[in-house]
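Q: Predicted model and sequence below, questions to follow.
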Amino acid sequence: MLALVQNCSTPLTRAVRPHTYGTYAFTAKACASISPRANSQSQVLLGLSENELKHLALDFGQEPYRGKQLHHFLYRRKLREIQDFTQLPQQFRNTLEEAGWKVGRSPIFETVTSADGTVKLLLKLEDNRLIETVGIPVMDDTVLTRLTACVSSQVGCPLRCSFCATGKGGYSRNLQRHEIVEQVLAIEEVFKHRVSNVVFMGMGEPMLNLKAVLEAHSCLNKDVQIGQRMITISTVGVPNTIKKLASYKLQSTLAVSLHAPNQKLRETIVPSAKSYPLDALMLDCRNYFRQTNRRVSFEYALLAGVNDSVEHAAELAELLHGSGSGYHVNLIPFNPIEGTEYKRPSKIAVQAFSGALESAKITVSVRHTRGLDANAACGQLRNKFQKTPLVNNPMDLAVSC
Ligand SMILES: C[S@@+](CC[C@H](N)C(=O)[O-])C[C@H]1O[C@@H](n2cnc3c(N)ncnc32)[C@H](O)[C@@H]1O
Ligand code: SF4
């Protein structure tokens, strides 16, 4: 528990941290707290807003427009080194570096491209840990019309869902704001195209790292210029966090990974469900919809012979009808991973399940698996290179805000 609390409450390598989530409630007082020279550790530019960068420039005796230039180099030009910001005076670049500032980008350790154009990247973080990021392009003939970045929020995941390669690979730590933002920039760099959509569906449980996820969300929205409605936060459910997220009234989509229509079955698939009963989860989803007016989307991984019968579909429809309106179900046929007995259901079983939901007037879509030839299931590629210890009592980990 202690490790995660420390991770969230201290900003680690940065002196510049307003006591808010990203720029959602940024205040002049918070700007005034910037004192870059006070910290001899390395500090990271990526993730800072234009306002924060202007104050940083001022603190170094520069005109505020230098902050605007920093912003341009970070988010538009996506430069990786301060010395590459050649429009800045050499002396400013040197003093920034001498004071311990750096851009905060990680090298790409591995790139795997699948036949359908999906690209999976492994980024090597400063502490040598590896995280996965996926770029999913949608083409209209030869024109790229949509580019989705599937980003990680943690190194590994402590929640150990039984069908998930990330959960099986263990857990190391939460990601910091810039480590989330840089994933989107890396995808833009590889595709030489702007990212249009971001889904927090990579490694990790975003709600266990809510503070950094919200900071990154703010940066992606305001600095990288991705619309809030184009961002989806996916969670398997962590007590008290959906309420907290609702209070921010974001225009983004909340996706809840359900995987079973009743508590008993859910506990066998999602061990963390024991500490967050389905009734409580559904109540929080209903309240989320009421408070934000944003439809909740439910993810349902279909596991052959486990949760994929038409009876399960009927039970799911009943659960959702009883929980108010505004719901959508996203079916994900299981992506096979090592170390489980689970099997991918047949196309016929998927169609029957989806048909049963539709006839019960539940809106449903089937997620076509992209990149099956590129270790499609989240966490698989990283597990090839690195595994980390398993956490004994995952739900003991404090929520990071
Ligand atoms: C990797 S999780 C990350 C976000 C969050 N922790 C969650 O569970 O919603 C994103 C989605 O991938 C799904 N997923 C993970 N492993 C899968 C697999 N082997 N096959 C199909 N879906 C999988 C999860 O069920 C979840 O809906
Ligand atoms: S599905 Fe999500 S919550 Fe479950 S182990 Fe994987 S990343 Fe963690």
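A: Thanks, I have it. Ligands and ions are numbered 1, 2, ... in the order given.

Q: what separates the host helix or strand of residue 233 from the chain centre, distance-wise?
A: Taking DSSP states H and E as the criterion, residue 233 maps to strand 231-235. The chain centre lies 7 Å from the centre of strand 231-235; the measure is C-alpha atoms, centre = their mean, to the nearest Å.

Q: phi, psi of residue 354?
A: Main-chain dihedrals, residue 354, degrees, to the nearest 10: phi -70, psi -40.

Q: Tell me, how many residues neighbour it?
A: Residue 354: 19 surrounding residues under other C-beta atoms under 10 Å. (Each C-beta comes from the backbone N, C-alpha and C, glycine too.)

Q: and what of the one 4 residues further on?
A: Close neighbours of residue 358, defined as other C-beta under 10 Å, add up to 14.

Q: And what about it, helix, strand or coil?
A: Counting by DSSP: H, G, I helix; E, B strand; the rest coil, the backbone at residue 358 sits in helix.

Q: residue contacts, it?
A: The contact partners of residue 358, by C-beta atoms under 8 Å, 6 or more residues apart in numbering, come to residue 364.

Q: May I ask which helix or strand encompasses residue 256?
A: Assigned by DSSP H and E, residue 256 falls in strand 253-257.

Q: Kindly report the same for residue 70.
A: helix 65-71.

Q: Could you identify the helix or strand that succeeds that helix?
A: Past helix 65-71, the next helix or strand by DSSP H and E is helix 90-98.

Q: buried stuff in that following helix?
A: Of the residues in helix 90-98, 92-93, 95-96 count as buried by neighbour count, 16 or more other C-beta atoms under 10 Å.

Q: which strand in the chain runs the most residues?
A: strand 130-140 (DSSP state E).

Q: which ones are touching the residue nearest to residue 342 when sequence neighbours are not counted?
A: The shortest distance from residue 342 to any non-neighbouring residue, by C-beta to C-beta, 6 or more residues apart in numbering, is to residue 303 (4.7 Å). Residue 303 is in contact with 163, 259, 269, 334, 342-343, 345, counting by C-beta under 8 Å, 6+ apart.

Q: any idea which of those residues has the most stuff around it?
A: Most surrounded of the contacts of residue 303: other C-beta under 10 Å gives residue 259, at 25 neighbours.

Q: does residue 204 count as helix, strand or coil?
A: Quick answer, by three-state DSSP: residue 204 is coil.

Q: hmm, back to that, quick check: helices, which of the contacts of residue 303 are part of them?
A: residue 269 (DSSP state H).

Q: Tabulate the contacts of residue 303 in CSV, adding columns for pLDDT.
A: Formatted as CSV, the entries for those read as follows, by pLDDT from 0 to 100:
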residue, pLDDT
163, 95
259, 98
269, 97
334, 95
342, 96
343, 96
345, 97
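
Q: Quickly check the contacts of residue 303 for the two that are furthest apart.
A: 259 and 343 (15.1 Å; C-beta to C-beta).

Q: who's in contact with residue 60?
A: 36, 92, 95-96, 99.

Q: measure it to residue 91 for me?
A: Noted for residue 60: a distance of 10 Å to residue 91, by C-beta to C-beta, to the nearest Å.

Q: which residues of the chain score low on pLDDT?
A: 1-42, 323-326, 369-381, 383-401 (pLDDT under 70).

Q: rerun at 90
A: 1-42, 116, 140-142, 168-169, 295, 321-327, 338-339, 367-401 (pLDDT under 90).

Q: Which residues of it lie near ligand 2?
A: 157, 159-161, 164, 166-167, 204-205, 236, 257 (C-beta under 6 Å from any ligand atom).

Q: which residues of the stretch 151-300 of the chain fall in helices?
A: 165-168, 177-191, 210-222, 241-247, 263-269, 278-292 (DSSP state H, counting those that start in this stretch).

Q: for the ones you listed, which one sits closest to ligand 1?
A: helix 165-168 (5.5 Å; C-beta to the nearest ligand atom).

Q: Can you spell out which helices and strands pack onto the closest one?
A: On a contact count with 3 or more C-beta pairs under 8 Å, 6 or more residues apart in numbering; DSSP states H and E, helix 165-168 meets helix 380-385.

Q: which residues touch residue 66?
A: 54, 57, 88, 92.

Q: just residue 237 next, same as before
A: 207, 256-257, 270, 272-273, 276, 281, 284 are the contacts of residue 237 under C-beta under 8 Å, 6+ apart.

Q: Then residue 126?
A: residue 106.

Q: circling back to that earlier point, which other helices and strands does the strand holding residue 233 contact?
A: Checked by 3+ C-beta pairs under 8 Å, 6+ apart, strand 231-235 has strand 197-200, helix 210-222, helix 241-247, strand 253-257 packed alongside it.

Q: repeat that with 10 Å
A: Judged by 3 or more C-beta pairs under 10 Å, 6 or more residues apart in numbering; DSSP states H and E, strand 231-235 is in contact with strand 143-150, strand 197-200, helix 210-222, helix 241-247, strand 253-257, strand 296-302.

Q: which of those is buried the deepest?
A: helix 210-222 (a mean of 25; mean count of other C-beta atoms under 10 Å).

Q: wait, does that helix make contact with ligand 1?
A: No - using C-beta under 6 Å from any ligand atom, helix 210-222 never reaches ligand 1; the gap is at least 10.6 Å.

Q: Restrict that helix to CA atoms and write it as CSV.
A: Extracted in CSV, the C-alpha atoms of helix 210-222 (Å, rounded to 0.1, in the frame of the first residue of the first chain):
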residue,chain,number,x,y,z
LEU,A,210,-6.2,8.4,-11.4
LYS,A,211,-4.2,11.5,-10.5
ALA,A,212,-1.6,10.9,-13.3
VAL,A,213,-4.3,9.7,-15.7
LEU,A,214,-6.3,12.9,-15.2
GLU,A,215,-3.2,15.1,-15.5
ALA,A,216,-2.4,13.3,-18.8
HIS,A,217,-6.0,13.6,-19.9
SER,A,218,-5.8,17.3,-19.4
CYS,A,219,-2.5,17.6,-21.3
LEU,A,220,-3.7,15.4,-24.2
ASN,A,221,-6.8,17.5,-24.5
LYS,A,222,-5.4,21.0,-24.1
